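Novice: build me a structure from this.
(2 chains, ligands or ions: 2)
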Amino acid sequence: MTNFLQLCFAGLALGALYALVALGFVVIYKSTGVINFAQGGLVILGAYLTYNAHHTWGLPFYLAVPVAMAICALVGAATERVVLRRMVGQPPFAVIMVTIGLLFILEQAVTSIWGFNQLDLGDPWGIKKVTVGGLNLAQKDLWTIVLAAAALAAFFVFFRYSRMGVAMRATAFDQEAAVAQGISARRVFAVSWAIAAAVATIAGVMLAAGGGGLHSDLDIIALLAFPAIILGGLDSPGGAIVGGIIIGITQNLTAGYQGTGANHYLGFLGGGFSSVMPYVVMIVILMVRPYGLFGTREVRRI
Amino acid sequence: MGAMRQADTIATGEGTTLLGVTGLEVVYSDVILVLRGVSLAVPPGSIVALLGANGAGKTTLLRAVTGLLPLHRGRITKGHVTLDGRPVAGRDPAEMVRAGLSQVMEGRRIFAELTVEDNLRAGGYVVRSRAGLREAYERVMGLFPILAERRGQVAGYLSGGEQQMLSMGRALMPSPRLLLLDEPSLGLAPIIVEQIAKIIKEINAQGTAILLVEQNATMALSIADYGYVLEHGRVVKDAPAPELLADRDIQEFYLGVGEAGRRSYRDVKTYRRRKRWTA
Ligand SMILES: Nc1ncnc2c1ncn2[C@@H]1O[C@H](COP(=O)(O)OP(=O)(O)OP(=O)(O)O)[C@@H](O)[C@H]1O
Ligand SMILES: [Mg+2]
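Specialist: Ligands and ions are numbered 1, 2, ... in the order given. Okay, here's the model as predicted:
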């Protein structure tokens, strides 16, 4: 039981990372209709920017993260303005190819600037464990969950109550009607990209800090988060979070019980099954609910 | 005719015209000519009705005025749109809202997933002062008490009449000087239409000019000061509302008086002429 709960807890931390990445996807998709495969690129960019702010500029870690978030948000908004705005009205396939191209460009840019070698982002919370009610919990996981929860809560307060949040929801529902109210769709698009980039930065930092190591392959997280988005429903921010957590926990439980040894009830799956587990869950849920758990049946777009 | 008269005052800058449209030509996708030289004027504080059958170009005219044409791959190829005598054609929709022009789109187009309150907040997007928002909100609640009752509800669950009211309330949030209404009576029961007509009059009495696009000519002309009849992208008749209401051709085509089955106002006219000759 202890083992099970510990696995769930670590899975929750992993799920929180997926949720952050998935939220970025959903925010962009909902307001602009773009499926942004470059999300992983923003994850690594944010992490490297944090490294730069912390090690090169000498900012303390707790300042380096928000500074990196801000810069990454600017890069995200600029990408929207310079590249994707020109793609409005183009076939979805072309737009997707553009975002995939952006992903490769971001990957390359990161290695051009910071090199190929794995860097050390530092270990702000140590590899310590805390014991709560007989459970051994990694401090890093705790921090991941707390920071992700704070970021997600901040997003939802913004999305629900702020003037811009209302404008974003209105634009997502009916772009022309929103524009007719005097809402600037352009600003909504830019803000969506900025938000996606900012939450991606947090995900990147949590991945790389505390022993994870900083390298340009971290963007794989975005591919693993993809099932979370599809699972939650492509246009549902709440769904992105629930989807992320389901995938994270399932994946971690599979990882814990697969392979060989005592209590490895899933030994028959072999050793590497956990990495495809997100896709298995996604396929099963989509067979039952084709629009995801919280997705809208039909996403209206004009 | 009246259109020319009113259009002239725009051109010379004389008189007071809130919204002026002169010789407006609009083309969709560079090939589909929809407005073929439309002129009309909305004086401040007035209600002007714009009548016309399906496809006459009424909605297109509103899009040209509010800056929504580009979203439909439409373009003004000739003519002017003026607000307070200053040319505004080609401005973007947000600028038009800030300049005091607000619209209720055809089909209401409320944000069905948002609450009533959030719909109104979206309507007040351009209003930067809290006091201004508060005031507009109170005014809307006064005009539409039903919205006050439903303010926490998701707008998609409102009835058709309530949705129309929400759409109007949303458009009033920027406290416009001119409100454009595109077929507010569409799909509503007669008693609700009456109610909407009363509210339009009330909004007007509070000082907002109104350009009312309608197929329900009886309703529109009963509250309007002046009316234009649009057909195939041209103004074919314009006159003070009581005059139009009394016009036999209008009666026959729009008010369902006389023989049915006439396809257009022009058909009615020529048909009656023929009838006169053959009689
Ligand atoms: N985006 C568009 N592209 C091409 N043609 C269009 C477009 N929008 C409208 N039209 C055409 O322009 C003409 C006028 O349309 P419009 O919607 O302005 O008419 P309307 O008077 O508002 O009609 P209704 O009473 O049915 O709303 C129609 O023939 C329509 O098919
Ligand atoms: Mg129309």
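Novice: tell me who's in contact with the residue in the stretch 101-250 of chain A positioned nearest to chain B.
Specialist: When scored by CB to the nearest CB, the stretch 101-250 of chain A has residue A:182 as its residue closest to chain B, at 3.4 Å. C-betas here are computed from N, CA, C, even on glycine. By CB atoms under 8 Å, 6 or more residues apart in numbering or on different chains, the contact set of residue A:182 is B:93, B:94, B:96, B:97, B:98, B:125, B:126, B:174.
Novice: possible to save those residues as JSON lines with neighbour count?
Specialist: Output for these, formatted as JSON lines (neighbours: other CB atoms under 10 Å in any protein chain shown):
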{"residue": "B:93", "neighbour count": "25"}
{"residue": "B:94", "neighbour count": "20"}
{"residue": "B:96", "neighbour count": "24"}
{"residue": "B:97", "neighbour count": "26"}
{"residue": "B:98", "neighbour count": "15"}
{"residue": "B:125", "neighbour count": "23"}
{"residue": "B:126", "neighbour count": "19"}
{"residue": "B:174", "neighbour count": "23"}
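Novice: farthest pair in those residues?
Specialist: Using CB to CB, these span at most 13.2 Å, a distance reached by B:96 and B:125.
Novice: the contacts of residue A:182 in helices, which ones?
Specialist: With helices taken from DSSP state H, the overlap with the contacts of residue A:182 comprises B:93, B:94, B:96, B:97, B:98.
Novice: the helix or strand hosting residue A:191 - what's its average pLDDT?
Specialist: Assessed by DSSP states H and E, residue A:191 sits inside helix A:185-208. Mean pLDDT, computed over helix A:185-208, is 92.
Novice: if we can go back for a sec, among the ones in helices among the contacts of residue A:182, which ones lie close to chain A?
Specialist: Checking the ones in helices among the contacts of residue A:182 against chain A by CB under 8 Å from any CB of the partner chain, the ones in range are B:93, B:94, B:96, B:97, B:98.
Novice: contacts only, for the closest residue to residue A:201 other than its chain neighbours.
Specialist: Closest residue to residue A:201 apart from its sequence neighbours, by CB to CB, 6 or more residues apart in numbering or on different chains: residue A:46 at 2.7 Å. By CB under 8 Å, 6+ apart, the residues touching residue A:46 are A:68, A:69, A:72, A:197, A:198, A:200, A:201, A:202, A:203, A:204, A:205.
Novice: got any ranges where chain B has weak pLDDT?
Specialist: Scanning chain B with the threshold set as pLDDT under 70 gives B:1-15, B:254-279.
Novice: which stretches in it count as helices?
Specialist: All helices of chain B, identified by DSSP H, fall at B:2-12, B:58-66, B:93-98, B:116-123, B:130-143, B:145-149, B:160-172, B:190-205, B:217-223, B:241-246, B:248-254, B:265-278.
Novice: and the fifth one, what's buried?
Specialist: Okay, so that is helix B:130-143. Neighbour counts over helix B:130-143 (16 or more other CB atoms under 10 Å in any protein chain shown) mark B:133, B:136, B:137, B:139, B:140, B:141, B:143 as buried.
Novice: repeat for the shortest one
Specialist: If you call a residue buried by 16+ other CB under 10 Å, then helix B:145-149 has these buried ones: B:146, B:147.
Novice: could you do the longest one as well?
Specialist: If you call a residue buried by 16+ other CB under 10 Å, then helix B:190-205 has these buried ones: B:192, B:193, B:196, B:197, B:199, B:200, B:203, B:204.
Novice: from those, list the ones also adjacent to chain A.
Specialist: The subset of these within reach of chain A, by CB under 8 Å from any CB, is empty.
Novice: present those as TSV; the columns should include distance to residue B:53.
Specialist: Formatted as TSV, the buried residues of helix B:190-205 follow (distance: CB to CB, whole Å):
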residue	distance to residue B:53
B:192	23
B:193	18
B:196	21
B:197	21
B:199	26
B:200	22
B:203	26
B:204	25
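Novice: need phi/psi at residue B:67.
Specialist: Main-chain torsions, residue B:67, degrees, to the nearest 10: phi 90, psi 20.
Novice: get me the contact residues on the stretch 1-150 of chain B for chain A.
Specialist: B:66, B:68, B:71, B:93-94, B:96-98, B:103, B:105, B:109-114, B:118-119, B:121-123, B:125-126.
Novice: just to revisit the earlier point, for the contacts of residue A:46, which one is nearest residue B:56?
Specialist: Distances from residue B:56 to the contacts of residue A:46, taken by CB to CB, are shortest for residue A:197, at 47.3 Å.
Novice: how far away is the closest one from residue B:165?
Specialist: For residue A:197, the distance to residue B:165 equals 40 Å [CB to CB, to the nearest Å].
Novice: can you check residue A:87 too?
Specialist: Taking CB to CB as the measure, residue A:87 falls 38 Å from residue B:165.
Novice: between the two, who's got more neighbours?
Specialist: residue B:165 (27 against 18; other CB atoms under 10 Å in any protein chain shown).
Novice: touching, residue A:81 and residue A:190? I think so.
Specialist: Yes. The criterion here is CB atoms under 8 Å, and residue A:81 meets it with residue A:190 at 6.2 Å.
Novice: so the two - more neighbours on which side?
Specialist: The neighbour comparison of residue A:81 against residue A:190 (other CB under 10 Å) goes to residue A:190, with 22 against 14.
Novice: contacting residues around the more buried one?
Specialist: Taking CB under 8 Å, 6+ apart, we find residue A:190 in contact with A:77, A:80, A:81.
Novice: what is the neighbour count of the nearest residue to residue B:195 once chain neighbours are set aside?
Specialist: Closest residue to residue B:195 apart from its sequence neighbours, by CB to CB, 6+ apart: residue B:161 at 7.3 Å. Residues contacting residue B:161 under the criterion other CB under 10 Å number 17.
Novice: pull the contacting residues for residue B:161.
Specialist: The contact partners of residue B:161, by CB under 8 Å, 6+ apart, come to B:188, B:189, B:192, B:195, B:196.
Novice: spatially, which two of the residues you listed are the most separated?
Specialist: Farthest pair in the contacts of residue B:161 (CB to CB) is B:189 and B:196. Separation: 10.5 Å.
Novice: so in chain A, where's the weakest helix or strand by average pLDDT?
Specialist: When each helix and strand of chain A is scored by mean pLDDT, DSSP states H and E, strand A:129-132 comes last, with a mean of 76.
Novice: that older thread, buried sites along the helix holding residue A:191?
Specialist: Across helix A:185-208, burial judged by 16+ other CB under 10 Å covers A:185, A:188-208.
Novice: just checking, next helix/strand downstream of that helix?
Specialist: Past helix A:185-208, the next helix or strand by DSSP H and E is helix A:220-232.
Novice: export that following helix to CSV, keeping only CA atoms.
Specialist: Extracted in CSV, the C-alpha atoms of helix A:220-232 (Å, rounded to 0.1, in the frame of the first residue of the first chain):
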residue,chain,number,x,y,z
ILE,A,220,9.9,14.9,-25.5
ILE,A,221,7.7,15.8,-22.5
ALA,A,222,5.4,17.6,-25.0
LEU,A,223,4.9,14.4,-27.0
LEU,A,224,4.1,12.5,-23.8
ALA,A,225,1.7,15.2,-22.8
PHE,A,226,-0.2,14.9,-26.0
PRO,A,227,-2.3,12.0,-24.9
ALA,A,228,-3.2,14.1,-21.8
ILE,A,229,-4.6,16.8,-24.1
ILE,A,230,-6.5,14.4,-26.3
LEU,A,231,-7.8,12.6,-23.3
GLY,A,232,-9.0,15.7,-21.5
